[in-house]
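> With the sequence up front, the predicted model follows.
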Amino acid sequence: MKPTKKPRKGDPINEKPRRVDPIDEKPHRGDPIDEKPHRGDPIDEKPHRGDPIDEKPRRGDTLLTVDFIYGHTKSTGMKNLAKDTAIYGVSSIIGRFLNWMLVPLYTRILQSTGEYGVVTNIYGWIALLLVILTYGMETGFFRFINKKEEQEPIRVYATTLYSIAFTSFLFIAGVLLFLNPVSTVLGYGDHPEYIGMMACVVAVDAICCIPFAYLRYQCRPVRFAAIKSFNIFLNISLNLFFLVLCPKLNNSHPELIKWFYRPEYGVGYIFISNIFTTAITFLMLMPNMLPALRAKFDRQRLKKMLRYSAPILILGAAGIFNQTAASILFPFLFEDRGLAESQLGIYGGCLKIAVVMIMFIQAFRYAYEPFIFAKNKDSDNKKSYIEAMKYFVIFSLVIFLGVMFYIDVIKHFVESEYYSGLSVVPIVMLGELFFGVYFNLSVWYKLTDKTHWGAYFSIAGCALTVAIIIGFVPHYGFIACAWASFASNLLMMLLSYFIGQKKFPVAYNLRSALFYISIAAAFYAVAMLPTIESTFLRLAYRTVFLIVFFAIIIKKDLPSFPKKNHEPVKPS
């Protein structure tokens, strides 16, 4: 016979404790079933690594985050978005910054701007192919795994992973089978191994996108950032080893490295470093893939996900082509390929200066995409989207002014032979700001499952980009590439806003956006136009305007988040 459990304080002595009251009886105030669970209660037991996702999630998993953060607290959505953006930004911002630090290495170690043009061209292809090989399934994953009616989210994960892995391996096999003709068409007939390494890197990266998305779904930004950061450090270390240490050892102790090192290989070691880094990333993500590998592939789910994701593939491919079109098309627009690679190297080197804006958008994207699909379950979702847009615009303008006000210092990250391309920096950064706003606006067609609109916008932007590049690059050089990006992103932003207001109206705070844009434009003009010979005085003069801009933000729109209310909210 089971021993009777100890009655709660206040229960009558002769009354059976409420813990074992019949389940169909109305619970009393204070009964354990309505109480916030205590540490150690079985219901809060922490699951083990690898447990199925449909078991009780850990605190921090998305399922609990949606119910606890958005259901049991008020006005905490923006606080959590800001927190996750900051954590994801650790890997994105620090990683991009450290990779940014490789730019002065490349521009000084590589023999010419043309060699850096090869790097820019190859990585332009990688960026485009990565979007094609994920074919919108990353966004589809978040959409389907967060559906209210989804009872087996782990099968969504498994289906997505199996699909991406299958197509990625097919891609590798196809490229390796036709390696020589493909390399010749792309202009690398003398180095087909560059194309082989590119194919392996992009295919494995495509597979890794899905476990990374799974970590974001679980709201595990720390592990996400740790893996990303470790592999960035590894990539930088390998670059330093091959490009700095090995040449020195080759001069002093060539017998130590002659079995693997060839001094003339140069730029090829950048791609070899990437191969090693990608392989380590894959191995580190294996524990996060195991739950999916144990689950069953679902053909019906895949069909639904492909229907949803197909327009996103067009959207993503056209969108990334807008950013990489110059890198991909440039060598084909000049008869002298050497000249084209040299000009592309200058453009690519100066483009890296604008990476601060790009990495902010990337960090924001990592946190925002799972946020909007989870927040869609709340009644106040549109308010959150409005707030997110407002602060995105504000901090994007801060980044723009910060980079441009200190361009005289930042430009030293590249060699002086690259300075002729500095004029592209403000144009590209503003174009990226438009793209970030466009990404924020994309909430309407993603949440209404009308992703074909995103494809239309991207195709329109892509067409404009290609037209400007083909029409003007042969006459005006790389500056036309910058204006093509600017015009394309502006067009997509405007199309998405005006059509979105008809399909899914969101009352964005245009007055706030126009106010800050006007202030930033005025400060930029007043700070940059005067000619001040002293670098110190010039930077001090511009710093005053940046401080004033910060002061305006603090006074007018400093975000204040309410204290978290730990009391559970009664269901309405």
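On my side now, so go ahead.

> Quick check: nearest residue in space to Val424, chain neighbours excluded?
Distances taken as C-beta to C-beta, 6 or more residues apart in numbering place Ala482 nearest to Val424, at 3.9 Å, with adjacent residues excluded. Quick note: C-beta positions are derived from backbone N, CA and C, even for glycine.

> In contact with the one you found, which residues are there?
Neighbour list for Ala482: Tyr347, Ser423, Val424, Ile427, Val428, Gly431 [criterion: C-beta atoms under 8 Å, 6 or more residues apart in numbering].

> Need the pLDDT of it.
In this prediction, Ala482 carries a pLDDT score of 92.

> which SS class is it?
helix (DSSP: H, G, I helix; E, B strand; the rest coil).

> from here on, count from 9
Renumbered: residue one is now 9, and that last one reads Ala490.

> Distance of it relative to Thr128?
Applying C-beta to C-beta, to the nearest Å, the value for Ala490 to Thr128 is 14 Å.

> could you measure the residue nearest to Val432 against Phe403, distance?
Relative to Phe403, Ala490 is positioned 22 Å away (criterion: C-beta to C-beta).

> got it, and Ala530?
Applying C-beta to C-beta to Ala530 and Phe403 gives a distance of 18 Å.

> same question, Tyr225
25 Å.

> more crowded one of those two?
Tyr225 (23 against 16; other C-beta atoms under 10 Å).

> The more buried one against Ile153, yeah?
Yes: with contacts counted by C-beta atoms under 8 Å, Tyr225 reaches Ile153, the gap being 5.9 Å.

> Between the two, which contacts overlap?
Both Tyr225 and Ile153 are in contact with Tyr165, where contact means C-beta under 8 Å, 6+ apart.

> Now the nearest residue to Ala521 once chain neighbours are set aside, what are its backbone angles?
Among residues not flanking Ala521 along the chain, Val401 sits closest, at 5.0 Å (C-beta to C-beta, 6+ apart). For Val401, the backbone dihedrals (degrees, to the nearest 10) come out as phi -60, psi -40.

> Report how many residues lie close to Val401.
Counted with other C-beta under 10 Å, Val401 comes out at 23.

> what does Ser542 give?
By other C-beta under 10 Å, neighbour count at Ser542 equals 9.

> Backbone torsions only: list them for it.
phi -70, psi 120.

> quick one: pLDDT of it?
With respect to pLDDT, Ser542 has a value of 90.

> so who does it touch?
Residues counted as contacts of Ser542 (C-beta under 8 Å, 6+ apart): none.

> quick one: it and Phe368, what's the gap?
31 Å.

> hey, which helix is longest across this structure?
helix 307-337 (DSSP state H).

> And that helix, what's buried?
309-310, 313, 316-337 (16 or more other C-beta atoms under 10 Å).

> name the helices or strands packed onto that helix?
If you count contacts as 3 or more C-beta pairs under 8 Å, 6 or more residues apart in numbering; DSSP states H and E, helix 307-337 packs onto helix 121-142, helix 145-153, helix 161-185, helix 345-359, helix 432-449, helix 460-484, helix 487-511.

> relative to helix 460-484, how tilted is the shortest one?
An angle of 160 degrees separates the directions of helix 145-153 and helix 460-484 when computed by axes from the mean of the first three to the mean of the last three C-alpha atoms, to 10 degrees.

> Could you tell me the average pLDDT over helix 145-153, please?
The model assigns helix 145-153 a mean pLDDT of 85.

> okay, the angle between it and helix 121-142?
30 degrees.

> And for the last one?
Using the same axes, to 10 degrees, the direction of helix 487-511 lies 20 degrees away from that of helix 121-142.

> any idea which helix or strand comes after helix 487-511?
helix 518-536 (DSSP states H and E).

> in that next one, what counts as buried?
Ser520, Ala521, Phe523, Tyr524, Ile527, Ala528, Phe531, Tyr532, Ala535.

> so which of those residues comes closest to Leu118?
Set against Leu118, the nearest of the buried residues of helix 518-536 by C-beta to C-beta is Tyr532 (33.2 Å).

> roughly how far apart are Lys511 and Lys266?
As judged by C-beta to C-beta, Lys511 and Lys266 stand 64 Å apart.

> so where's the stretch 59-208 of the chain uncertain?
Where the stretch 59-208 of the chain drops to pLDDT under 70, the residues are 59-107, 156-158.

> Repeat the analysis, applying 50 as the threshold.
Scanning the stretch 59-208 of the chain for pLDDT under 50 picks out 59-83.

> Just the element for the residue nearest to Thr285 when sequence neighbours are not counted, please.
Nearest non-adjacent residue to Thr285, counting by C-beta to C-beta, 6+ apart: Asn243, 4.2 Å away. Following DSSP H and E, the helix or strand that holds Asn243 is helix 229-248.

> what about whichever helix or strand comes after that helix, distance to the chain center?
Sequence order places helix 254-260 as the next helix or strand after helix 229-248, per DSSP H and E. With C-alpha atoms, centre = their mean, to the nearest Å as the basis, helix 254-260 stands 38 Å off its chain's centre.
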